[in-house]
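> Provided below are the primary sequence and the corresponding predicted coordinates.
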Amino acid sequence: MEEKEVKFLNINPDLIQKKLKEIGAKKVFERLYKRKVFDYEDLRLDKSGAWIRIRDEGDKITLGFKKRIGMSADGKGNDKGMEEIEVEVNDFEKTANILLKAGLIEKHYAENKRIRYQLDDIEFDIDFWPQLEPYLEIEAPSWERIDEAILLLGLNLKDKKIFSAYQIYKLKGINFNDYKEVTFDGMIKKKK
């Protein structure tokens, strides 16, 4: 299933929240997300722009497969989209253990903070990641609805980015795969 979402980088969270309230969006939550990302030892998923993720969202735990669609050659430009298959599971650590027993390796553990607003069928997420400026993510059932949301907020359609948080780190010269742990308490490098 194709996930339809875009990002706007380096936003002012207070200003975006003010605009969201003005257009009638309702705040749904503010919480910490925790995730573990897995791959095969030869990193074949990573090489194809894909990953397997377990994410604790505070009110539910999900297991998902994500794959970048139409990746730019340099990895810094917009993708065409994202494939996502996701199911709910009921235990973060047991699910991680199943993946390890199946022969996958844990690439890293990461945290981010998210503030979510909802307007009809559109989700607006203000995301905070260690060492990144806050960004806005807009997800909707169609690309047309995303463009409508962008215009409602008075944002420029040309500024939308279609890529992952890992690509945002790459823009800052940080290779996410060099880290075992990415938290607000610090970023722990992998042993070479």
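On my side now, so go ahead.
> Surely L155 and F8 touch.
Yes: counting by CB atoms under 8 Å, L155 touches F8, with 5.9 Å between them. For the C-beta atoms, the positions are set from N, CA and C on the backbone; glycine is no exception.
> where does E2 fall, phi/psi-wise?
With angles defined as degrees, to the nearest 10, E2 sits at phi -80, psi 130.
> out of everything not next to it in sequence, what's closest to it?
Nearest non-adjacent residue to E2, counting by CB to CB, 6 or more residues apart in numbering: G81, 5.1 Å away.
> How about G103?
Leaving aside its sequence neighbours, G103 sits nearest to Y40 (CB to CB, 6+ apart; 7.2 Å).
> where do the strands sit along this structure?
2-3, 5-8, 26-39, 50-56, 61-69, 81-89, 105-119, 122-128, 135-139, 179-183, 186-189 (DSSP state E).
> Counting by contacts, list what the lowest-mean-pLDDT helix or strand in the chain packs against.
Across the helices and strands of the chain, mean pLDDT, DSSP states H and E gives its lowest value to strand 2-3, namely a mean of 75. Contact here means 3 or more CB pairs under 8 Å, 6 or more residues apart in numbering; DSSP states H and E; on that basis strand 2-3 packs against strand 81-89.
> follow-up on the earlier one: mind listing the strands the least confident helix or strand of the chain pairs with, and their directions?
Applying DSSP bridges, strand 2-3 is found paired with strand 81-89 (antiparallel).
> got a list of contacts for the strand it pairs with?
1-5, 54, 60-70, 95, 162, 164 (CB atoms under 8 Å, 6 or more residues apart in numbering).
> cool, stretch 183-192 as well?
In contact with stretch 183-192 (CB under 8 Å, 6+ apart) are residues 109-111, 113, 130-131, 178-181.
> how about JSON lines for these, with neighbour count, distance to D147 and pLDDT added?
As requested, these are exported to JSON lines (neighbours: other CB atoms under 10 Å; distance: CB to CB, whole Å; pLDDT from 0 to 100):
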{"residue": "Y109", "neighbour count": "17", "distance to D147": "35", "pLDDT": "96"}
{"residue": "A110", "neighbour count": "23", "distance to D147": "30", "pLDDT": "96"}
{"residue": "E111", "neighbour count": "17", "distance to D147": "31", "pLDDT": "96"}
{"residue": "K113", "neighbour count": "15", "distance to D147": "27", "pLDDT": "98"}
{"residue": "P130", "neighbour count": "18", "distance to D147": "31", "pLDDT": "96"}
{"residue": "Q131", "neighbour count": "11", "distance to D147": "30", "pLDDT": "94"}
{"residue": "D178", "neighbour count": "12", "distance to D147": "36", "pLDDT": "92"}
{"residue": "Y179", "neighbour count": "20", "distance to D147": "34", "pLDDT": "94"}
{"residue": "K180", "neighbour count": "15", "distance to D147": "39", "pLDDT": "94"}
{"residue": "E181", "neighbour count": "15", "distance to D147": "37", "pLDDT": "95"}
